[in-house]
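S.K.: below is the structure, and that's it, no one-letter string:
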């Protein structure tokens, strides 16, 4: 038996990759737990594995005392001297408890000698069965814990690295990725927009976090973290891996566009060219892995003005104004470059701001010239001796070309300009305030729009979609409601869902049922198309839904009813008297 147990231990350690001491400790703990459960928790027991014998030996210890208070843990001096003639007070006597079938003869002999002392004779028969069950539970638990510790220790050092696995299943939109010895989670929030997976797909992701939980190590993956960009370029560009080229910063909108700033420690190595590669081979490999996400690579510079001009590319900048107090950069571009600098939905300037780490304002040259002209005319009207056209132009060259610039400037910055003192500064700021107030007053006021007639179109369309869902095979009403609440407002939306894992987010839908629902919706659409539409399919006449022309005509009628005729408006308006006209003329002459 000893050789068999040693062989089993060696084989399990080899298969599971567990240290031998872990299994030995598990065996000792299981036998000790079973012994305490059978013989009593008050006994002082010890389990010890003997490598030579391949067995776990069990011992009970009793302390030699003058007066016995606990029969299970203490032994009197007189009885102890019968066992060990030279026993002394305070000594601990150890008795081996034999429990294996092959040791039954030795067990009976022990009962004859020490049966009255130990009191284990009546419990010995049940110990073997309990020990086997307990040993199985404890060993399985310890082996599982050891495996979890191995996985955690392996992946805790792989945090912020790139891993590749296989998508196995979907749990409420999250993708469970098989990494080999462990499973990782790619949460919905860490998935790129418009990116879908199927079981068996290869997944390459960034290890964002590794946590230790009761169920085992939790490995969180990410496809949206900027660390993914760092690692993909490190894998594709040898110069980055060797440290010659470094990625200084990354600004990213996952699935849309990424800007990276790179620098080189070797003057002979072009950092942008190294990242792009021959005919764009290196950057294209990264773009393919990111499913077509656009990547802009710009050179980093310690000169913030030069860096921001690179970051805002492909737009060309005419002038850069930097406010270090507020960490704001104002870029002036030509009218043709304005839309290019801002980008679609402000994406280009937003990514440039993230890349530089400063707030960026973009203005066209036409707007700046209009602001300058307004300021110039009003400042010249002040008729201040030292504030002439050349001083105003110098003021503009320093970047004070708008009311906001003048009101946000420090007094010291303005008084350093020749001919401008604190009194002139207050007058200049007064002009800036008046211009700013005038711009606010000239802001367009939302026109009063006549109330259009309410035409209940949405409920009609919703009712049609509900009826269409009702014709789909295998879709009960509660499931239809759950689908519509989840955002699937039509049969086409369900049939067109490529990522069935998203359907599992609907209550009561697993992956198997998601496939059935999708197939049923596709089949219904084919049937509806064959019939020539929904209404021919159900054999009814479609309801009359007002067109846009009907709505416009109804709105025009209401507007005509709400507006009085021109003659009535003229009669109701107060007539302007001669005195009013003369007073107005006097006011204009005074001003």
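M.R.: In hand now; what should we look at? On a predicted model such as this, the values are computed, not experimentally measured, just so you know. Numbering: from 1, shown residues only.
S.K.: from now on I want contacts and neighbour counts done on CA atoms only, so please keep to that.
M.R.: OK.
S.K.: so what are the domain limits for the chain?
M.R.: 2-149, 158-222, 301-444, 451-591 (automatic domain parsing).
S.K.: for residue 288, the count of nearby residues, please.
M.R.: Residue 288: 11 surrounding residues under other CA atoms under 10 Å.
S.K.: how about the contacts made by residue 365?
M.R.: Counting by CA atoms under 8 Å, 6 or more residues apart in numbering, residue 365 touches 332, 333, 334, 335.
S.K.: please tell me how far it sits from residue 398.
M.R.: Residue 365 is 16 Å from residue 398, where distance means CA to CA, to the nearest Å.
S.K.: what does residue 476 give?
M.R.: According to CA to CA, residue 476 and residue 398 sit 71 Å apart.
S.K.: quickly list what residue 184 is bridged to.
M.R.: With beta bridges defined as DSSP bridges, residue 184 has these partners: residue 177, residue 219.
S.K.: got a pLDDT number for it?
M.R.: Looking at residue 184, its pLDDT stands at 86.
S.K.: go on, residue 230?
M.R.: Looking at residue 230, its pLDDT is 90.
S.K.: residue 211 - how many residues pack around it?
M.R.: Neighbour tally, residue 211, other CA under 10 Å: 12.
S.K.: so residue 258: helix, strand or coil?
M.R.: strand (DSSP: H, G, I helix; E, B strand; the rest coil).
S.K.: contact partners for the residue lying closest to it once chain neighbours are set aside?
M.R.: In space, and not counting its chain neighbours, residue 258 is closest to residue 252: 4.3 Å by CA to CA, 6 or more residues apart in numbering. Listed by CA under 8 Å, 6+ apart, the contact set of residue 252 reads 226, 258, 259, 351.
S.K.: try residue 255
M.R.: Residue 255 makes contact with 192, 193, 194, 290, 291, 292, 293, according to CA under 8 Å, 6+ apart.
S.K.: buried residues, stretch 339-355. List them.
M.R.: Buried residues in stretch 339-355, counted by 16 or more other CA atoms under 10 Å: 339-343, 347-355.
S.K.: circling back: which pair of the contacts of residue 252 spans the longest distance?
M.R.: By the measure CA to CA, 226 and 351 form the most distant pair in the contacts of residue 252, at 12.7 Å.
S.K.: okay, and the common contacts of those two?
M.R.: Common contact partners of residue 226 and residue 351 (CA under 8 Å, 6+ apart): 251, 252.
S.K.: what's the closest of the buried residues of stretch 339-355 to residue 211?
M.R.: residue 354 (29.5 Å).
S.K.: helix or strand right after the helix or strand where the closest one lies?
M.R.: Counting by DSSP states H and E, the element that carries residue 354 is helix 347-356. As assigned by DSSP H and E, the chain's next helix or strand after helix 347-356 is strand 359-364.
S.K.: let me see the mean pLDDT of that next one.
M.R.: Mean predicted confidence for strand 359-364 is 85.
S.K.: the helix or strand hosting residue 479: how far from the chain's middle?
M.R.: Using DSSP H and E, residue 479 maps to helix 477-485. For helix 477-485, the separation from the chain centroid amounts to 28 Å (computed by CA atoms, centre = their mean, to the nearest Å).
S.K.: for the very next helix or strand once past that helix, which outside residues touch it?
M.R.: Toward the C-terminus, helix 477-485 is succeeded by helix 491-495 as the next helix or strand (DSSP H and E). The contact list for helix 491-495 (CA under 8 Å, 6+ apart) reads 465, 468, 469, 488, 517, 518, 519, 521, 522, 525.
S.K.: so what does residue 169 have for phi and psi?
M.R.: phi -150, psi 180 (degrees, to the nearest 10).
S.K.: what sits against it?
M.R.: 175, 176, 177, 199.
S.K.: try 7 Å this time
M.R.: Contacts for residue 169 (CA atoms under 7 Å, 6 or more residues apart in numbering) come out as 175, 176, 199.
S.K.: ok, residue 237 next?
M.R.: Here residue 237 is in contact with 274, 275, 282 (CA under 7 Å, 6+ apart).
S.K.: pull out the buried members of those residues.
M.R.: 274, 275, 282.
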